[in-house]
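S.K.: Dropping the sequence and predicted coords here.
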Amino acid sequence: MEIFRLALRNLSRQKKRTFLLGGAIAFGLMIVTLINGFAGAFLTNISENFANLAAGHIFAQGVEKSASGREYELIRDDSLLLAAAKEAGIPAKYVTKVSSFDGNLVFAGHTARLTIDGVDFATETFLPERLVFKEGGLAGMKDRQGIIISDPIAKRLDVRPGDRLLVQLKTYSGQNNVGEFAVAGITPDPGIFGSMAGYANKAYVNELLNIGSGEYQTLGFYLPSLDGMDGYGDAFYKAVKARAAVFDRDAAKKETNPIRAFMNQGKNETWAGVKYRVYTLNDLLAQVKQIAEVLKTSSLVILLVLFGIIMVGITNTFRIIMYERIREIGTMRSIGMQRAEVRNLFLSEAMILALGGALAGLAVAGAVMAGLSMVNFGLSSPLFIILKNGHMTFRLDALTTAFDVLVVAALTLVSAMLPARKAARLDPAVALRTVK
Amino acid sequence: MKRISLTIALALSALALAAADAKPDFAAILRQIDDNADFGKQDYTAVYSIVTEKPGENPSAIQLKVFRRDEHNQFVFLIQKPDRQKGQGYLKIDENVWFYDPESGNYSHSTIKENIQDSEAKNSDFKKYTYSQDFTIENTESGRLGAFETWILTLRAKTNEVSYSKIRLTVRQDKPLPLKEEDYSVSDRLMRTTLFLPTYINAGGRLIPAKIKMIDEINKGTQSALSILDVTVAKLPDTVFMKNFLERAQ
């Protein structure tokens, strides 16, 4: 305890130096904490935003193979899938049945390419609850050929609600088709991903795709949260597999890009009837997850590099401290202080610096995160996909943070160890004779 | 005697009228159109120059060298111009069409239904015709296009895998050569008109139009003019229809 008190007193004797050393440690830990906080929220935010864009967390697609070897994504009868979902106990907040196509909208010489999702506005609540209009509104969707587009697309085409435009597309089997839409509503710019999507009545989308009115392409289950998504996905896959032919999800999940693996599975196979693909948002975002992992690994590398530099500084500073206090060490040793106590005194100073710097670093990181979280980047920001409602969010894992603090403390102790041992080994008589 | 002469005269007139009304075998005409564009055991090589006009844009030009082996339903298109696209190419192996980009050295999957670069021409326009295989004749009528008496055949796709569900094909009455093709969407809207100008190149005994005009009927003002040059039917090495041909053809 006496050593600890002495260490505190020694540190307070050179406030500027202590502040600079502690500041360097604080800065290093702050940077690493910010990266970790960002990486922690990155995947969650992307997952939640993608869940909204893809209208679900767990998905199923039916795939038919024609005699000529072409694959068609189509669910003609979903009773089997819904029964499987019931058996898997999926707590779906919304069930979405999506028909969609990539179309080229044409109006008075202007063109724009976008994905048009078919929505049953009479029964589906997922999308209508989320739509905000800049012009027009849902009333226009009473027109069977109504379409809702985003502001950037409306500007590109130079259209307003009520204008009628053409759309070029391919049917589910790849034939060319042309339809006509009436602009019902224009939504504010929803950002880089949302601006590429438009919404139309499913009945008309199905007609353009040349599929039956009750048919669609993707069944989605929107969960109350991301928790348990993979478990429900696995249970759903098992339940579908018990009822029908499925693509091998377990094999696909082992690949870097499970969705591409699913696609490739179909290329080399032939089958009759329908074969189902079951996947989750995590499968869709497998490569994004890798980015989060890379960010976390990078933060550890940054931590080590920063502290490599800081360690050199700490070692040099403690050598200077030892030189400055050489006669003091001689006096303390002469009046009975043991070598281990001298060494511990130096190490205690280093430990106080490390923990104080770490606490300060965490506090500053917390303040920076709070400040950044308050900035509204807007829903039209290109960063939209990594934001939550236009705001940056951070999520820190307690274990990772504790690990980082331990790494900082250990590295600081290692840096101080050499000067501390040297100070402990000083001969008291030599130390007392030393003239600075 | 007079009565017999009158009877014969009436019979001959009736036969003449019947002959005038008699319609040809349109299924055979379709087959002849297909056969005329099918080089069978011969290999087909030509240079295709395509100039595309779009409203508000400067015309863009692209030149392709086309290699076809119809016997095995294979083709290779190698882009020669413009310089920034030189070396890019399309290759059909089995049912797959691959697009090769020399900059990345990668192949990406394309389809026979996709347009060649930014033009109105599709990959399928450059392969052999398969009208008789893909379509049934729904209606026939006679007409006139320029100096030519024509048959107008309305064709309906046999399956939903054919690019256009309906085609109106205007064919010369004197020879089984198409003059105009109108392509319709599933919703029965005219999407594209192709005019085969009646200037022909004789390639191994087959007549191919030297100039073709493709008009986009949806994007008004967009059209492509295709000129066919340097046609030969000389045998090509098998390696032309392999992936590494595109890689080496820099």
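M.R.: Yep, it's here.
S.K.: so what secondary structure elements neighbour the one helix or strand A:Val305 maps to?
M.R.: Taking DSSP states H and E as the definition, one finds A:Val305 inside helix A:286-324. Applying 3 or more C-beta pairs under 8 Å, 6 or more residues apart in numbering or on different chains; DSSP states H and E, we find helix A:286-324 packed against helix A:15-54, helix A:339-374, helix A:398-424. Heads up, the C-betas are built off the backbone N, CA and C, glycines and all.
S.K.: For residue 167, pull up the helix or strand it's in.
M.R.: Chain wasn't specified; assuming chain A. strand A:164-170.
S.K.: nope, chain B
M.R.: Applying DSSP H and E as the criterion places B:Ile167 in strand B:166-172.
S.K.: so what strands line up beside that strand?
M.R.: strand B:148-157 (antiparallel), strand B:178-184 (antiparallel) (DSSP bridges).
S.K.: Just checking, which helix or strand of chain B averages the lowest pLDDT?
M.R.: Within chain B, no helix or strand scores below helix B:2-21, which has a mean of 53 by mean pLDDT, DSSP states H and E.
S.K.: next SSE after that one?
M.R.: helix B:26-36.
S.K.: one step back: which one of the helices and strands packed on helix A:286-324 lies nearest to A:Val119?
M.R.: helix A:15-54 (13.5 Å; C-beta to C-beta).
S.K.: tell me the mean pLDDT for the helix or strand just after the closest one?
M.R.: Per DSSP H and E, helix A:15-54 leads on to strand A:58-65 as the next helix or strand towards the C-terminus. The pLDDT scores in strand A:58-65 average 93.
S.K.: One more: stretch A:276-294?
M.R.: 82.
S.K.: go on, stretch A:299-315?
M.R.: Here the average pLDDT along stretch A:299-315 is 83.
S.K.: okay, and for chain B, where does confidence drop off?
M.R.: For chain B, the stretches flagged by pLDDT under 70 are B:1-22, B:94-95, B:112-113, B:117, B:123, B:127, B:250.
S.K.: quick one, helices of it?
M.R.: Assigned helices in chain B, in chain order: B:2-21, B:26-36, B:131-134, B:243-248 (criterion: DSSP state H).
S.K.: gap between B:Ala147 and A:Leu347?
M.R.: For B:Ala147, the distance to A:Leu347 (C-beta to C-beta, to the nearest Å) stands at 104 Å.
S.K.: The two: which has the busier surroundings?
M.R.: A count of neighbours by other C-beta atoms under 10 Å in any protein chain shown puts A:Leu347 above the other of B:Ala147 and A:Leu347, at 21 against 7.
S.K.: picking up where we left off before, just the strands paired with strand B:166-172: most buried one?
M.R.: With neighbours defined as mean count of other C-beta atoms under 10 Å in any protein chain shown, these peak in mean count at strand B:178-184, which reaches a mean of 21.
S.K.: which residues does A:Asn104 form a beta bridge with?
M.R.: Going by DSSP bridges, A:Asn104 forms beta bridges with A:Arg113, A:Gln168.
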